[in-house]
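A.B. asks: The sequence and its predicted three-dimensional model are supplied below.
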Amino acid sequence: MFAELGVGQMNLLHKYTYTREQRERFRDLRKLTHQGVGVQQVQRHREFQDNESKVVAYDLLTTPENYVTHFERYATSVVCIIGFGRRVSDVKDPLITEVLAFMQSAAEVAVIAKDFPRVMESFPWLSKVPNCLAPWAYGHGKATKSRHSRNDFFYTVAQEANQCVEENYSKFLFREAPKYNLHPQEISNLAANLLGAGADTSSSTLATAVLAMRAFPETLQPAWEELNRIVGKSRSPSLEDDLPYMRAFVKEVFRWRSVAVIGGTAHAPTQSDCWNGYFIPKGCWIQGNVWAIHHNEREFPDPDRFNPRRFLDTEDRRPFPGEKGYMTFGWGRRSCAGQYLAEQGTYLSVARLVWGFRVEPAIDEKTGEEIPVDIFAYTVKFTPRDETILQTIQREGERALDDLAKYERETKYTFGTFSK
Ligand code: HEM
């Protein structure tokens, strides 16, 4: 749908790959994305990702009720440091409020079968109508004047980042621009994709982990036993710790409530194929039903139960075709380019949350009763597991803020600057 809206061909996320030229360009853009967040790069991002996650634990000590906002700040900050060499320290930073609002409205347009009818799918010509006349496009289509497009915002922020001392992905893109003949809109999109694809997805996954901790408290006991034994209380867990149960716990978070329930980008075969008696014509839109795959009783019995033991050598384990045991990040040449970054950050953050806190039922101030857990609007109470842990969170949080100070920088721009 985004390709139809006219903003797609400059962005690998929505690009058609019907012709050889389109496929070659897609490969270039994908390669450039890997050079920012691919498996080889992820190690370089580890230190500040870990520090931002320590800041989340630190912030939870003072404003635990704002845990979703802390997760959003964390996820946005990590991709902002990568993309623009600057951190997001304030939850009111426009990069959080405006970009997440934009992503929310993008989901309104893009999530198939969310509403019916999908007007632009039923009448594709509607996607060609300029935004000012097309409320159904939620502002994602063609602007009347291209200089007012959101792309100018990210291009300008990337230019700003290109001047900054710290190495960052925007600097890399400007360096590579002549070699790949990058159009400014491609630079803008490559930088923006880190935020668009990486912020909301990562923070929602952490919110899912909290829901699991609250709704299935029995799964925390084995985690605490492992963390007490291997990590102790005077430091928080790190990637070097061997924590098999914790790893299984995070895998189960990815499986249990995967962020992209029907995959992400639509895939299409480059040639017609026959599979299991089905004819799949060339160019046909294919969407992987991640929800159904992750809730198939054959691989995941009692699928709505959060159960990390599925990923351990126990009687709850079933064979699964994928090596990792889940399909949360899609597959094939369009699979999530930020998978390793997301897995690393989710592991660090969830392990630290479980190590540091009890997640208990929130109490209704009026009635004094526990607020029951509701999967759509749940609220919880975070309490540090004990005094030594509380002090460790404080010490590590303050140290992390010192280490992150080199990324403190303001931007002069907001989305609003470009829509006046
Ligand atoms: C828990 C966090 C995340 C989840 C669950 C997730 C999931 C996904 C999924 C399902 C897709 C579509 C895959 C397909 O069509 O087969 C995707 C695409 C993508 N993701 Fe992620 N993602 C996450 C985090 C990130 C992060 C942190 C980044 C980068 C900073 C990122 C960058 C991308 C990009 C660039 C694409 C488009 C790839 C393409 O079309 O070639 N993602 N992601």
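C.D. replies: Right, received. Where do you want to start?

A.B. asks: before we move on, what SS does the residue lying farthest from the centre of the chain have?
C.D. replies: Most distant from the centre of the chain: T367, at 36.7 Å, with distances by Cα atoms, centre = their mean. The three-state label given to T367 by DSSP: H, G, I helix; E, B strand; the rest coil is coil.

A.B. asks: Could you pull up the contacting residues of Q394?
C.D. replies: Contacts here follow Cβ atoms under 8 Å, 6 or more residues apart in numbering; on that basis Q394 touches Y58, L61. No exception for glycine: its C-beta is placed from N, CA and C like everyone else's.

A.B. asks: quick one: secondary structure of it?
C.D. replies: Strictly by three-state DSSP, Q394 counts as helix.

A.B. asks: how close does it get to the ligand?
C.D. replies: Relative to the ligand, Q394 is positioned 28 Å away (Cβ to the nearest ligand atom, to the nearest Å).

A.B. asks: Would you point out which residue of the stretch 101-250 of the chain is nearest the ligand?
C.D. replies: The nearest approach of the stretch 101-250 of the chain to the ligand comes at G198, 2.9 Å away (Cβ to the nearest ligand atom).

A.B. asks: Need the three-state assignment for that residue.
C.D. replies: Applying three-state DSSP: G198 is helix.

A.B. asks: so how many other residues sit close to the residue nearest to it when sequence neighbours are not counted?
C.D. replies: Distances taken as Cβ to Cβ, 6 or more residues apart in numbering place V79 nearest to G198, at 4.4 Å, with adjacent residues excluded. By the criterion of other Cβ atoms under 10 Å, V79 has 29 neighbours.

A.B. asks: Assumed V79 was part of a helix.
C.D. replies: Yes: counting by three-state DSSP, V79 is found in a helix.

A.B. asks: Use 456 as the first number from now on
C.D. replies: Sure thing, new numbering starts at 456, so read that last one as V534.

A.B. asks: in which helix or strand would I find the residue nearest to A662 when sequence neighbours are not counted?
C.D. replies: Distances taken as Cβ to Cβ, 6+ apart put V523 closest to A662, at 5.5 Å, once the chain neighbours are dropped. Using DSSP states H and E, V523 sits in helix 522-539.

A.B. asks: With just CA atoms, put that helix into CSV.
C.D. replies: C-alpha atoms of helix 522-539 as CSV (Å, rounded to 0.1, in the frame of the first residue of the first chain):
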residue,chain,number,x,y,z
TYR,A,522,7.1,2.0,32.1
VAL,A,523,5.7,2.1,28.6
THR,A,524,7.1,5.6,28.1
HIS,A,525,10.5,4.5,29.4
PHE,A,526,10.5,1.6,26.9
GLU,A,527,9.7,4.0,24.1
ARG,A,528,12.4,6.4,25.1
TYR,A,529,14.9,3.5,25.3
ALA,A,530,14.0,2.1,21.9
THR,A,531,14.0,5.5,20.2
SER,A,532,17.2,6.5,21.8
VAL,A,533,19.1,3.4,20.7
VAL,A,534,18.2,3.9,17.1
CYS,A,535,18.7,7.6,17.3
ILE,A,536,22.3,7.2,18.5
ILE,A,537,22.9,4.7,15.7
GLY,A,538,21.2,6.9,13.1
PHE,A,539,22.0,10.4,14.2
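
A.B. asks: so for that helix, what's the average pLDDT?
C.D. replies: Averaging pLDDT along helix 522-539 gives 95.

A.B. asks: buried residues in it?
C.D. replies: 522, 524-539 (16 or more other Cβ atoms under 10 Å).

A.B. asks: just stretch 828-848 next, same as before
C.D. replies: For stretch 828-848, burial by neighbour count (16+ other Cβ under 10 Å) applies to Y833, V835, K836, F837, P839, R840, I844, L845, T847, I848.

A.B. asks: Now the two most distant members of those residues.
C.D. replies: The most widely separated members of the buried residues of stretch 828-848, counting by Cβ to Cβ, are Y833 and T847 (27.2 Å).

A.B. asks: show me what contacts the residue of the stretch 556-705 of the chain closest to the ligand?
C.D. replies: By Cβ under 8 Å, 6+ apart, G653 lies in contact with V492, A530, V533, V534, G793, L796, A797.

A.B. asks: Closest one of the residues you listed to Y624?
C.D. replies: Within those, the smallest distance to Y624 is 7.9 Å, found for V492 (Cβ to Cβ).

A.B. asks: How about the contacts made by that closest one?
C.D. replies: H500, I537, Y624, L649, G653, A792, G793, Y795, L796.
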